[in-house]
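> Please work out how this folds:
(chains A, B, C and D)
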Protein chains: 2
Amino acid sequence: MGRTDSDFGRILRQNGLKNTRPRAAILDILSGEGQPLTAEELFSRLQERVVSVNLSTVYRALEALCDKELVTKLTIKDDSRALYELKRMIHRHHLICLGCKRITSIGRCPLEGYEKRLASETDYVIEGHNLDVYGYCPDCRVNGLNA
Amino acid sequence: MGRTDSDFGRILRQNGLKNTRPRAAILDILSGEGQPLTAEELFSRLQERVVSVNLSTVYRALEALCDKELVTKLTIKDDSRALYELKRMIHRHHLICLGCKRITSIGRCPLEGYEKRLASETDYVIEGHNLDVYGYCPDCRVNGLNA
DNA sequence: TTGGATGCAAAAGTTTTGCACGGTT
DNA sequence: AACCGTGCAAAACTTTTGCATCCAA
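Sure, this is the predicted structure:
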């Protein structure tokens, strides 16, 4: 089965956060979800699981989880809402379908040596980067969807 | 000197938009500005120029300009507000200083061949990408600023 | 027990919209 | 003159916050 509910409890405690039902459930949902979710979507998922929780608690939990670097907050083009996903150890990028809006992860980062080059060119200290690729997934491509 | 005010009028008309003072002024401001601005910042710049305009007009003008692809809308990490910049013919990326939040453009795109490779790997039709690099500019690096 | 976490309600911040009026073509 | 653009006010939407209460450690 992999992770049990108490795993998340331990992770929370290890990070100096109290093991509460909303927080553990949020980690559980995000770990099962293949793609980033908005706070509102997480709130819905929680209600489906009959986890009684307030939307502001979701925001506060996500803020705490981001602070501890257990969760990553991100935004994509043409959507003002923030998205949240489980933070991965491995550096990853997003491939976003312009048709169905599904977000998948890209494993290999094509910018390995690039940051060093850029640093010497610009005299910046580079801390990191964000790369999102946009396109149409096989399904939307076939169906010729354009929105 | 370069562009005069009437240049923007012509551009607007060529794109099927009426040449109005707020729109021309917005294009003028964006063309003079080295970095993307929020709607609110544009609104302030307009007031400084004694261009009487309403904030909702700024939003509507920006929407129209984005529709005509004269302006690009973007967002960066850790800021929920949208930014707007003049659309460039040449594909560019952003280098964002985590200290002073200044945004500069990166000319050369390091992802030339990458999209093709990704397309064949994922079976997506790639339409484009977005790359932002984060770091500290020479000033902020020296001063050790961290916010 | 005690400080952190939550619920609720209200506020804040950004962006959008309805409608009447005004300006460009 | 016709239609698009604008101002104003209100609404919509996302996110944050104050405060009393509750709960995990």
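> Which pLDDT does the model give the most centrally placed residue in chain A?
Centroid-nearest residue in chain A: A:Glu85, 1.9 Å away (criterion: Cα atoms, centre = their mean). The predicted local confidence for A:Glu85 comes out at a pLDDT of 97.
> and if you look at the one 10 residues further on?
In this prediction, A:Leu95 carries a pLDDT score of 97.
> what residues does the helix or strand hosting it touch?
Applying DSSP states H and E as the criterion places A:Leu95 in strand A:93-97. With contact meaning Cβ atoms under 8 Å, 6 or more residues apart in numbering or on different chains, strand A:93-97 is reached by A:36, A:74, A:76-77, A:102-106, A:109, A:130-137, A:140, B:118, B:122, B:124. (Each C-beta comes from the backbone N, C-alpha and C, glycine too.)
> which parts of chain A sit against DNA strand C?
Chain A comes close to DNA strand C at residues A:17-18, A:20-23, A:52-54, A:56-57, A:60-61, A:64, A:80, as judged by Cβ under 7 Å from any atom of the strand.
> Return a PyMOL selection command for the buried portion of the contacts of strand A:93-97.
To isolate the buried subset of the contacts of strand A:93-97 in PyMOL, counting by 16 or more other Cβ atoms under 10 Å in any protein chain shown, use the following:
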select buried, (chain A and resi 36+76+103+104+106+130+131+132+133+134+135+136+137+140) or (chain B and resi 118+122+124)
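> any idea where the helices of chain A begin and end?
Applying DSSP state H to chain A gives helices spanning A:5-14, A:21-32, A:39-48, A:55-67, A:114-122, A:138-143.
> possible to save the ones you listed as JSON lines with mean pLDDT and distance to B:Ser44?
Output for the helices of chain A, formatted as JSON lines (pLDDT from 0 to 100; distance: least, Cβ to Cβ, whole Å):
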{"stretch": "helix A:5-14", "mean pLDDT": "88", "distance to B:Ser44": "43"}
{"stretch": "helix A:21-32", "mean pLDDT": "97", "distance to B:Ser44": "39"}
{"stretch": "helix A:39-48", "mean pLDDT": "97", "distance to B:Ser44": "30"}
{"stretch": "helix A:55-67", "mean pLDDT": "98", "distance to B:Ser44": "29"}
{"stretch": "helix A:114-122", "mean pLDDT": "95", "distance to B:Ser44": "29"}
{"stretch": "helix A:138-143", "mean pLDDT": "84", "distance to B:Ser44": "40"}
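> Just send the ones you listed back as a markdown table, with distance to chain B too.
Formatted as a markdown table, the helices of chain A follow (distance: least, Cβ to the nearest Cβ, whole Å):
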| stretch | distance to chain B |
| --- | --- |
| helix A:5-14 | 24 |
| helix A:21-32 | 19 |
| helix A:39-48 | 12 |
| helix A:55-67 | 10 |
| helix A:114-122 | 4 |
| helix A:138-143 | 5 |
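> burial measure for A:Phe43, as a count.
Close neighbours of A:Phe43, defined as other Cβ atoms under 10 Å in any protein chain shown, add up to 21.
> Just to check, it is in contact with A:Val58?
Yes - contact criterion Cβ atoms under 8 Å: A:Phe43 and A:Val58 qualify, at 5.1 Å.
> Could I get the contacting residues of A:Glu127?
B:Leu98, B:Tyr134, B:Gly135, B:Tyr136.
> how far away is it from A:Arg88?
Between A:Glu127 and A:Arg88 the distance is 18 Å, computed by Cβ to Cβ, to the nearest Å.
> Paired strands for the strand holding A:Leu95, with orientation please.
strand A:103-106 (antiparallel), strand A:125-136 (parallel) (DSSP bridges).
> And it, what's buried?
Burial within strand A:93-97, assessed by neighbour count using 16+ other Cβ under 10 Å, is assigned to A:His93, A:His94, A:Leu95, A:Ile96, A:Cys97.
> Could you give the bridge partners of the fourth one?
The reference is to A:Ile96. Beta-bridge partners, per DSSP bridges, of A:Ile96: A:Ile103, A:Tyr134.
> Please tell me how far it sits from A:Ile103.
Distance from A:Ile96 to A:Ile103, by Cβ to Cβ: 5 Å.
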